[in-house]
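**Q** got a predicted structure here, sequence first:
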Amino acid sequence: MNWHPGMTTGVPELDHHHRQIIDQFNDFYACMSLGESQRRAEAGRILDFLQFYAQWHFQREEACMDKYQCPAAAENRRAHAEFLSRFGALYEEWQTRGMDPALVNDTFTVLMEWIMNHIQGVDTRLNQSIPPPRTAAGS
């Protein structure tokens, strides 16, 4: 999956975060072709990163939506809470039982749906709330 301009939020920092998330998603996909021990180690590293990064990123994104009074702010908060709960349950399963094929598939699906539906469907609405940059008088 690749980030594209249709995913822009209008906030370069958030767009950078989304690129990072997509890169990690792609790394997760790629690690599924590794041998068992390598796959477990790499998947663990990626899921550890995403567990932390999602929480950190969501705080910043919610602050931006509040700052620009984005109409999608409440929907965004609810979606974030739901994602953290759902991903948190998958992460906990990985911690307790390991990365079996069903868990890999569930995790992959949750991440893919999040990127395709949430980033493109909710986060991009922030772009509509950001006022255009002011130009200097007389320019």
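**A** Cool, the structure landed.
**Q** can you tell me what sits against the helix or strand of the chain with the lowest mean pLDDT?
**A** Lowest by mean pLDDT, DSSP states H and E among the helices and strands of the chain is helix 101-113, with a mean of 88. Contacts of helix 101-113 with the rest of the structure, by Cβ atoms under 8 Å, 6 or more residues apart in numbering, involve 1, 25, 28-29, 32, 43, 47, 50, 83, 86-87, 90, 93-94, 97. Glycine gets a C-beta too; all of them are placed from N, C-alpha and C.
**Q** and the residues you listed, which of them are in helices?
**A** 25, 28-29, 43, 47, 50, 83, 86-87, 90, 93-94, 97 (DSSP state H).
**Q** any idea of the pLDDT on residue 136?
**A** According to the prediction, residue 136 has pLDDT 63.
**Q** contacting residues around residue 130?
**A** Residue 130 is in contact with 10, 11, 68, counting by Cβ under 8 Å, 6+ apart.
**Q** dump those residues into TSV; add pLDDT as well.
**A** Output for the contacts of residue 130, formatted as TSV (pLDDT from 0 to 100):
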residue	pLDDT
10	94
11	95
68	96
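**Q** which residues of this protein score low on pLDDT?
**A** 135-139 (pLDDT under 70).
**Q** quick one: the residue nearest the centre of it from residue 67, how far?
**A** For the chain, the residue nearest the mean C-alpha position is residue 21 (5.0 Å; Cα atoms, centre = their mean). Separation of residue 21 from residue 67 (Cβ to Cβ, to the nearest Å) stands at 21 Å.
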